[in-house]
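Engineer: here is my input; please provide its structure:
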Amino acid sequence: MAENNNADVKKLNFERALEELESIVKRLEDGKVALEESVTIYERGEALKRRCEELLRQAEARVDKITTDANGQPAGTEPLDVQ
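Structural biologist: From the prediction side, this is the model:
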């Protein structure tokens with residue numbers, strides 16, 4: 001079952017994964033979920049968190065910084081230094 005859930009998570013886009021993760025956090029914070037269900041949805045939340053982090057890393061790798069010349073005109077791009 002967990003493997004099936006992880007396969008499902010890998011198909012989600014960032015917005016959908018984040019939306020579902022926020023829903024899980026809210027349910028857990030409300031404290032009205034049975035223990036076994038809490039563990040199950042917590043595990044799914046962890047998988048969703050990893051998916052969001054993965055998608056963010058991929059997006060960061062694609063972002064370029066626009067460089068300008070001495071006159072302030074765009075001169076090209078270079079990789080964004082995220083450090």
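Engineer: quick one, strands of this protein?
Structural biologist: 64-68, 74-79 (DSSP state E).
Engineer: middle-most residue in the protein, spatially?
Structural biologist: Nearest residue to the geometric centre of the chain (CA atoms, centre = their mean): Cys52, 1.3 Å.
Engineer: how about that residue, what does it touch?
Structural biologist: Listed by CB atoms under 8 Å, 6 or more residues apart in numbering, the contact partners of Cys52 are Phe14, Ala17, Leu18, Leu21. Every C-beta, even on glycine, is put in place using the N, C-alpha and C of the backbone.
Engineer: okay, it: pLDDT?
Structural biologist: Per-residue pLDDT puts Cys52 at 97.
Engineer: which one in this structure is furthest away from the centre?
Structural biologist: Extreme point of the chain relative to centroid (CA atoms, centre = their mean) is Asn71; 38.1 Å.
Engineer: next, give phi and psi for it.
Structural biologist: phi -90, psi 0 (degrees, to the nearest 10).
Engineer: filter the contacts of Cys52 down to the buried ones.
Structural biologist: Neighbour counting by 16 or more other CB atoms under 10 Å classes Ala17, Leu18, Leu21 among these as buried.
Engineer: what distance do you get for Pro74 to Ala59?
Structural biologist: Applying CB to CB, to the nearest Å, the value for Pro74 to Ala59 is 22 Å.
Engineer: whoops, Gly76 was the one
Structural biologist: 21 Å.
Engineer: and what of Glu37?
Structural biologist: Relative to Ala59, Glu37 is positioned 32 Å away (CB to CB).
Engineer: and Val39, by the same measure?
Structural biologist: Distance from Val39 to Ala59, by CB to CB: 31 Å.
Engineer: Arg44 and Val25 touch, don't they?
Structural biologist: No - between Arg44 and Val25 there is no contact under CB atoms under 8 Å: 11.3 Å.
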